[in-house]
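Q: quick one, structure for this:
(chains A, B, C and D)
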2 protein chains.
Amino acid sequence: MDKLYTITELTREFGISTRTLRFYEDEGLVHPERRGRTRLFRHSDRHIIQNILRGRRIGFTIAEIREIILAYREPPGELGQLNLMLKRVTEKRAELNQKRKDIDDTIAELEIIEELALTRLAEIGVGS
Amino acid sequence: MDKLYTITELTREFGISTRTLRFYEDEGLVHPERRGRTRLFRHSDRHIIQNILRGRRIGFTIAEIREIILAYREPPGELGQLNLMLKRVTEKRAELNQKRKDIDDTIAELEIIEELALTRLAEIGVGS
DNA sequence: CATTCTATTGACCTTAACGTAAAAGTCAAT
DNA sequence: ATTGACTTTTACGTTAAGGTCAATAGAATG
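A: Residues are numbered from 1 along each chain as shown, chains lettered A, B, ... in the order given. Below you'll find the predicted structure:
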């Protein structure tokens, strides 16, 4: 089962446009085969698309996403590059931890807003 | 102690530009006083700026941030609006929970990358 | 075979969130 | 009174991540 996906199959599955997938190909993130001129995506492409969308949801740029994908594919051979990569990983992790905290704080704030609204609703509901 | 902040005090504290703060004023998020023409920011403004930056870090647009700020300031009086607001809050919370999961998954992935790199480093370190 | 989808390429267009530069005013200190 | 640091408004510029549109090409189906 080496299923190949057409572009519209994937756009429907992920709720994105064909333009978006072609853009990701132009950016070198994904490498579909060709039958004639039409693209056929492999499982690996599909998996990468999922990663891209995940990265997108948490606010990574395409450049950052590409960096992570590449780091996964081919860990650099040179010492300097490896140390640089470790530093970048540490930075990213700190950034993500900050975002986690921001999200938790915002959820807490949303809950306060929710309670305000519910209280207000109860008042109106009783009064009317 | 009703300290007022100048614009550059705040840009330095938060690591943002004056342009950014003026933009936030144009967007109606912040309402500094004026002494002559120069802006003087209150504590409440400073607090809102912190909220904006937090929202920004987790990828909210200015419009979304404004919506949250307004919801906090003045819970709507009308029933339809209140119900709409509750729906939006529920949506936002779901979105934030998804982002939390995305972040956790990405952190896990970064840790794999880190281990790959450390292993590679050990190999090189021993070999040289 | 003609038609009807669906895909492709190339080009220019769009939006948010500021950046940047110009021209000019304010204020304290030298 | 000039320098220097800081501020203002106005206005055009920029970048990322696609959107949109036109013209063309294959593919599939009646």
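
Q: contacts only, for the closest residue to residue A:92 other than its chain neighbours.
A: Excluding its sequence neighbours, the residue lying closest to residue A:92 (Cβ to Cβ, 6 or more residues apart in numbering or on different chains) is residue B:110, at 5.8 Å. Any C-beta I mention is one placed from the backbone N, CA and C, and that applies to glycine too. Taking Cβ atoms under 8 Å, 6 or more residues apart in numbering or on different chains, we find residue B:110 in contact with A:68, A:89, A:92, A:93, A:96.

Q: and DNA strand C, which of the residues you listed reach it?
A: Among those, not one lies near DNA strand C by Cβ under 7 Å from any atom of the strand.

Q: ok, back up a step: please report how far the residue nearest to residue A:92 lies from DNA strand C.
A: Using Cβ to the nearest atom of the strand, to the nearest Å, residue B:110 is found at 25 Å from DNA strand C.

Q: would you mind writing the CA trace of stretch A:77-90 as CSV?
A: C-alpha atoms of stretch A:77-90 as CSV (Å, rounded to 0.1, in the frame of the first residue of the first chain):
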residue,chain,number,x,y,z
GLY,A,77,28.3,16.5,10.2
GLU,A,78,30.4,19.4,11.3
LEU,A,79,31.1,20.2,15.0
GLY,A,80,30.4,23.9,14.7
GLN,A,81,27.1,23.3,13.0
LEU,A,82,26.1,20.7,15.6
ASN,A,83,26.8,23.1,18.5
LEU,A,84,24.9,25.9,16.7
MET,A,85,22.0,23.5,16.3
LEU,A,86,22.0,22.6,19.9
LYS,A,87,21.9,26.3,20.8
ARG,A,88,19.0,26.9,18.5
VAL,A,89,17.1,23.9,19.9
THR,A,90,17.6,25.3,23.4
